[in-house]
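Chemist: I'll drop the sequence and a predicted model, then ask my questions.
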There are 2 protein chains.
Amino acid sequence: MVDMTTEEPRWLSDEEQQMWRASLGVLNLLPVFLERDLQQKHGLTLHDYEILVRLSEAPERRIRMTELAGLSHQSKSRLSHQMTRMENAGLVVRESCDSDRRGQWAVLTEAGWDRLVKAAPDHVESVRRHYVDLLTDEQKRVLGAAFETVMLHLHADGGTAACPSLSGISASAKKTTGASAAAAKDA
Amino acid sequence: MVDMTTEEPRWLSDEEQQMWRASLGVLNLLPVFLERDLQQKHGLTLHDYEILVRLSEAPERRIRMTELAGLSHQSKSRLSHQMTRMENAGLVVRESCDSDRRGQWAVLTEAGWDRLVKAAPDHVESVRRHYVDLLTDEQKRVLGAAFETVMLHLHADGGTAACPSLSGISASAKKTTGASAAAAKDA
DNA sequence: GGATATTTATTGAATGTTCAACAGAACGCG
DNA sequence: CGCGTTCTGTTGAACATTCAATAAATATCC
């Protein structure tokens, strides 16, 4: 008897299992720790921080809302709410766009920049302590390659998916290969 | 002049930078994709799924609230709210504990078990498609070791930290090395 | 040019999460 | 025992995120 419906699932092997559970653990916990540090010393969310970094790297420290949403993997709605909060906190401002009157620029303020410059060193230290410095050089190398692959795959699938506006990211991503740490380098 | 305050931060190297950004990307996107799949076919959250798995692996399919919170890296408050939702959905029930009259058991229902059994094969497939199958054997091996290290470190730091009740986890974790996939194997 | 579709960004309500306060039970110790 | 402390779990309010609906500007197409 041939059955078409109940193909045996390809369960994970024990090693894959272990690997996957460890990944899940890191996935869940790492952000918690990073945010705790960031919050305690600098009163910033990880989301806040990411926005600040992206803006700080952009020409004229400004990015259009939709692109920023894509860069930071958020929905436009969420970004909009978040910008409202950050605007209230004086970290950013909105400016309307000349060339497209629907558009808004998200612009980093001086205060926002200062805040980032102060926070960056501690944040890098935190990232090192909880993650980067725990890895051997080989692990860093392999991991970098592996996650690059996964990222590409997710982005490729992303067109179909829930994540809004992932198109047009690769272009600007290339320009901003400099990084969360590098942000404050030239302060 | 000696200055004690402004030690030069240890910025990430370019390779570390790339590695870290890729990690962040995966960290952000992977859960989104997994949840999308799980939600579409089975109407379950990743959080729901994790709870179901943990319970399914436990003796008598029941775990005390606090321990379950620790196992699934949530606060007790969050778990409490979540249990309320899952209880309304008929996936779990609460039962009060005989030996400790403060305590509550989180218990998997038949319906919850069935739901998990149906969802598990698709979820494994999803995990493979978006993650595991994208990696070479070497990458899996290195990654497993690397994240195991990071996890240990985070747990060690956890005593101090925001994450509640991480103590006593290692004990029960050893027993449940069987996994999210294995859960439904003996259905 | 003008109707239609698409893109940009925001809004408010529904949902989920965090945070601080709480109540009850167990523990520890003089 | 009696007192304070710790532990378990829940609650409601504050906060964040998602989702669907909207308005306004631009693109597209005939």
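Modeler: Cool, got the structure. Numbers count the residues shown, from 1 in each chain, chains lettered A, B, ... in the order given.
Chemist: Show me which residues of chain A sit near DNA strand C.
Modeler: Within chain A, the residues that sit near DNA strand C (CB under 7 Å from any atom of the strand) are A:64-67, A:76-77, A:79-81, A:83-84, A:94, A:97, A:100, A:102-104, A:165. (Glycine included, C-beta is placed from N, CA and C.)
Chemist: Just those residues: which are in strands?
Modeler: Using DSSP state E, the members of the residues of chain A next to DNA strand C that fall within strands are A:Arg64, A:Arg94, A:Gln104.
Chemist: mind listing what A:Gln139 touches?
Modeler: B:Val142, B:Ala145, B:Ala146 (CB atoms under 8 Å, 6 or more residues apart in numbering or on different chains).
Chemist: any idea how far the residue nearest the centre of chain A lies from A:Met151?
Modeler: Nearest residue to the geometric centre of chain A (CA atoms, centre = their mean): A:Ser72, 4.8 Å. As for A:Ser72, its distance to A:Met151 is 14 Å (criterion: CB to CB, to the nearest Å).
Chemist: pLDDT score assigned to A:Met4?
Modeler: Looking at A:Met4, its pLDDT reads 62.
Chemist: Would you map the strands across chain A?
Modeler: A:62-64, A:92-96, A:104-108.
Chemist: Would you mind telling me which of these is nearest DNA strand D?
Modeler: Proximity to DNA strand D, assessed across these by CB to the nearest atom of the strand, is greatest for strand A:92-96 (9.4 Å).
Chemist: Check what contacts the closest one and list those residues.
Modeler: A:51, A:55, A:62, A:83, A:86-87, A:103-109, A:112.
Chemist: quick one: which of those residues is nearest to B:Trp11?
Modeler: A:Leu55 (19.1 Å; CB to CB).
Chemist: which non-adjacent residue is nearest the closest one?
Modeler: Ranked by CB to CB, 6 or more residues apart in numbering or on different chains and with sequence neighbours excluded, the top spatial neighbour of A:Leu55 is A:Leu108, at 4.0 Å.
Chemist: Quickly list what the one you found is bridged to.
Modeler: Under DSSP bridges, the beta-bridge partners of A:Leu108 are A:Val92.
Chemist: hang on, the earlier thing: any idea which of the strands of chain A gets closest to B:Glu15?
Modeler: Of the strands of chain A, nearest to B:Glu15 by CB to CB is strand A:62-64, at 26.1 Å.
Chemist: How far off centre is the closest one?
Modeler: 16 Å (CA atoms, centre = their mean, to the nearest Å).
Chemist: and it, what's its mean pLDDT?
Modeler: Here the average pLDDT along strand A:62-64 is 96.
Chemist: which secondary structure elements does it contact?
Modeler: Contacts defined by 3 or more CB pairs under 8 Å, 6 or more residues apart in numbering or on different chains; DSSP states H and E place strand A:62-64 against helix A:46-57, strand A:104-108.
Chemist: re the thing from before, what's the most buried one of the strands of chain A?
Modeler: strand A:104-108 (a mean of 21; mean count of other CB atoms under 10 Å in any protein chain shown).
Chemist: quick one, it and strand A:92-96 angle?
Modeler: Relative orientation of strand A:104-108 and strand A:92-96, computed by axes from the mean of the first three to the mean of the last three CA atoms, to 10 degrees: 150 degrees.
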